[in-house]
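J.: compute the structure for the input listed below.
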Amino acid sequence: MKIALLSDCYPPRLGGIETQVRDLGRALAGAGHEVHVYTATPAEGAGHGLRNIAVSEDEGAIVHRVTVPLPFDLPVNPLAPRLIRDELAKFDVAHVHMGVISPFAADLTELALELGLPTAITWHCVLGRSAVLAQRRLGRIAGWAQRGAALSAVSKMAAGLVEAAADHGAKVAVLPNGIDPSRWAPEAVVPGPRDQVRLMSALRFAPRKRVPALVGMLGEIHAADPARTRATVFGDGPLLGMTRAIHRRHRTWLDLPGRVARADLADAYLAGGIYLAPTRMEAFGIAALEARTAGLPVVAMSTSGVADFVIDGVNGLLARDDAGLVAAGRKLVADEDLRERIRAHNLTVAPEQTWTAVLEKAIAEYERAGASR
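T.: This is a model prediction of the structure:
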């Protein structure tokens, strides 16, 4: 199948949608499909041209960077539909990836449907109440569904909000993010250290990720057993420098190393500990899934997309608010048997969201959109 993945954002930009579109493209290419990614994100250090499209290869997927010069390399290009119209018409299916604000993806959705191309659309974000109401009034999502697009989102929670925004009984499937367990889980279960419990998290240091609340909760968990706990928060973003400055005096128990490579993150997780996911409006939570696959018990909000793969008491603990997250974290620190039981389960039972399973769901969405094998 010849597949076009359409996304505003793509690496080198950092984030969940960027990583997942790249990994989906690689996985589809590895399964024998011809995959082309169209994005408005420029390559690092690359120049722009109003009508030039930079093409490169990314582990089997062909990446087309359809960019224009904008401040801060914003992934927007109103010229894109005109520039790629003829070549997009030659694909078997278009798979659009939507974020909170995705003008590039929305423009190419209109183009794909205008061309009569089977079109699947996946939301990687949480539509807030105002966005749901706005989409109902605009009727854009409902219009796409009525024109034959197959709608999906990365979790049950996110899918429910897209259904509410469509407001016309459109079926919204769940197409989760995928993971390669071999990159995260060791070959054998190794008991974690008994004399220390590492509290960990990995996220983009941005306002919507609730960084100050996360550090506060980690501090409360640490205060309950300061001799045995230490916290590490991995990641980069606009709030990292400020967070380091504000919490400079906490360096005795809090580490903020910045962004690290996947292999280094996996090694850190394999030492054991607890993973805390603080976000309320998390569409999926790929970082939490990585931690769970590496064995860490995950503490997360029961109302977020993380609840799709964390079962309370089985591979983590779920809570409804910040106080509940702190209580769950303290419980895992104090109860070594519970912590090790969850860790052993996570290391021996693979998550359902393997790339093999996710590719089957993706192909099913393409077929639902009208594409043939």
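J.: quick one: the helices in this protein?
T.: 16-30, 80-88, 103-114, 129-138, 140-146, 156-166, 211-224, 240-246, 262-270, 286-293, 322-334, 336-348, 355-368 (DSSP state H).
J.: any idea which of the ones you listed is most buried?
T.: Mean neighbours per residue, mean count of other CB atoms under 10 Å, is largest over the helices of the chain for helix 286-293, with a mean of 26. For glycine as for every other residue, the C-beta is placed from the backbone atoms N, C-alpha and C.
J.: which of the helices of the chain sits closest to residue 198?
T.: Nearest to residue 198, of all the helices of the chain, is helix 262-270, at 7.9 Å by CB to CB.
J.: so the closest one versus helix 336-348, what angle?
T.: Angle, helix 262-270 to helix 336-348, by axes from the mean of the first three to the mean of the last three CA atoms, to 10 degrees: 150 degrees.
J.: next one: helix 262-270 to chain centre, how far?
T.: Relative to the chain's own centre, helix 262-270 is displaced by 18 Å; criterion: CA atoms, centre = their mean, to the nearest Å.
J.: quick one: contacts of that helix?
T.: Identification of contacts with helix 262-270 by CB atoms under 8 Å, 6 or more residues apart in numbering yields 183-184, 186, 190, 198, 200, 202, 232, 234, 260, 275, 290-291, 294-296.
J.: let me know the closest of those to residue 27.
T.: Lowest distance from residue 27 to the contacts of helix 262-270 (CB to CB) belongs to residue 183, with 12.5 Å.
J.: pull the helix or strand with minimum mean pLDDT from this structure.
T.: Scoring the helices and strands of the chain by mean pLDDT, DSSP states H and E places helix 129-138 at the bottom, with a mean of 86.
J.: quick one: contacts for the residue nearest to residue 56 when sequence neighbours are not counted?
T.: Sequence neighbours aside, residue 63 is the residue nearest to residue 56 in space, at 5.1 Å (criterion: CB to CB, 6 or more residues apart in numbering). Going by CB under 8 Å, 6+ apart, residue 63 touches 10, 25, 36-37, 39, 55-57.
J.: need those in CSV with distance to residue 98 and pLDDT, can you?
T.: Putting the contacts of residue 63 into CSV (distance: CB to CB, whole Å; pLDDT from 0 to 100) gives the following:
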residue, distance to residue 98, pLDDT
10, 14, 94
25, 16, 97
36, 18, 98
37, 15, 98
39, 13, 96
55, 24, 93
56, 24, 94
57, 25, 94
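J.: so who does residue 247 touch?
T.: Contacts for residue 247 (CB under 8 Å, 6+ apart) come out as 215, 254, 256.
J.: wait, the last one touches residue 243, no?
T.: What that stands for is residue 256. Yes: taking contacts as CB atoms under 8 Å, residue 256 lies within contact range of residue 243: 6.3 Å.
J.: mind listing what residue 278 touches?
T.: By CB under 8 Å, 6+ apart, residue 278 lies in contact with 201, 203, 209-210, 213-214, 217, 301, 322, 325.
J.: do you know how far it is from residue 245?
T.: Distance from residue 278 to residue 245, counting by CB to CB, to the nearest Å: 20 Å.
J.: ditto for residue 5
T.: Per CB to CB, residue 5 is found 39 Å from residue 245.
J.: low-confidence stretches in this structure?
T.: Low-confidence segments of the chain (pLDDT under 70): 45-52, 72-73, 187-194, 372-373.
J.: at 80 instead, please
T.: Residue ranges of the chain with pLDDT under 80: 14-15, 44-52, 69-74, 167-169, 186-195, 249-251, 371-373.
J.: how is it partitioned into domains?
T.: Domain ranges of the chain: 2-178+354-368, 181-348, per automatic domain parsing.
J.: what sits against residue 92?
T.: Counting by CB under 8 Å, 6+ apart, the residues that residue 92 touches are 1-3, 118, 366, 371-372.
J.: again, only using 10 Å
T.: Contacts for residue 92 were tallied using CB atoms under 10 Å, 6 or more residues apart in numbering; they are 1-4, 33-34, 117-118, 366, 369-373.
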